[in-house]
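*Asks:* Curious how this folds, go ahead:
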Amino acid sequence: MAHDEMSRRENRRLAVASATVGPWRTATGVGAVVGATALGIEAVSGDWSLSMLASPAGWGLFFFFLVGTVGGRLRGDGTDRRLRRWADEHPWQSALPAAGGLLALNTLAQLFLGDEGLFGAFFASLLPAGLLLAVAGVVGSVKQARGRG
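*Replies:* Numbers count the residues shown, from 1 in each chain. Next comes the predicted model:
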């Protein structure tokens, strides 16, 4: 079925399904290590409060989604070929669920752990989510271009 023949709802479902094929166990480990390292650096700074958890949580979430999303784009193991083909044909659309998840979770982390209000937390989360979208989209586009060549 061609992309033009599919509804928006079907495309959203495929985007979310393609996000699940990443190496999420590895991503959890990387996110935990990065978050713990950032927390150690914050602890050395001497500013002991609940807000010292916001930045390490943001770093951990960013690397969790980065490794899970980009790793899923680069994996070549036995996942569903149709799903992988769709993700290869739509690199930017398949990166949207991870960027949206990072935006939502990082906003919550900044809101509840940091000193930001709702809008401040949201705008602080836009940069990492946009960066994740850019990196995952470029990696997918390069993979798509190499597959054609």
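*Asks:* Give me the buried positions along the longest helix belonging to the chain.
*Replies:* Longest helix of the chain, by residue count under DSSP state H: helix 118-148. For helix 118-148, burial by neighbour count (16 or more other Cβ atoms under 10 Å) applies to 121-122, 124-125, 128-129, 132-133, 135-137, 139-140, 144. In short, each C-beta sits where N, CA and C put it, glycine included.
*Asks:* what do you get for stretch 102-119?
*Replies:* For stretch 102-119, a neighbour-count test (16+ other Cβ under 10 Å) marks 102-103, 105-107, 109-111, 113-114, 116 as buried.
*Asks:* Out of the residues you listed, which comes closest to R73?
*Replies:* Nearest to R73 among the buried residues of stretch 102-119 is L102, at 15.5 Å by Cβ to Cβ.
*Asks:* CA atoms of the strand or helix carrying the closest one as PDB?
*Replies:* Under the criterion of DSSP states H and E, L102 resides in helix 91-113. C-alpha atoms of helix 91-113 as PDB (Å, rounded to 0.1, in the frame of the first residue of the first chain):
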ATOM      1  CA  PRO A  91      12.700   8.900   8.400                       C
ATOM      2  CA  TRP A  92      11.300  12.100   9.800                       C
ATOM      3  CA  GLN A  93       7.900  10.800  10.500                       C
ATOM      4  CA  SER A  94       9.300   7.700  12.300                       C
ATOM      5  CA  ALA A  95      11.400  10.000  14.600                       C
ATOM      6  CA  LEU A  96       8.400  12.000  15.800                       C
ATOM      7  CA  PRO A  97       7.100   9.600  18.500                       C
ATOM      8  CA  ALA A  98      10.400   9.600  20.300                       C
ATOM      9  CA  ALA A  99      10.800  13.400  20.100                       C
ATOM     10  CA  GLY A 100       7.200  13.800  21.400                       C
ATOM     11  CA  GLY A 101       7.900  11.400  24.200                       C
ATOM     12  CA  LEU A 102      11.100  13.200  25.100                       C
ATOM     13  CA  LEU A 103       9.200  16.600  25.000                       C
ATOM     14  CA  ALA A 104       6.400  15.300  27.300                       C
ATOM     15  CA  LEU A 105       8.600  13.500  29.800                       C
ATOM     16  CA  ASN A 106      11.300  16.100  30.000                       C
ATOM     17  CA  THR A 107       8.600  18.800  30.500                       C
ATOM     18  CA  LEU A 108       7.200  16.800  33.400                       C
ATOM     19  CA  ALA A 109      10.700  16.300  34.900                       C
ATOM     20  CA  GLN A 110      11.600  20.000  34.600                       C
ATOM     21  CA  LEU A 111       8.200  21.000  36.000                       C
ATOM     22  CA  PHE A 112       8.100  18.700  39.000                       C
ATOM     23  CA  LEU A 113      11.900  18.500  39.800                       C
END
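*Asks:* Cool, thanks, talk later.
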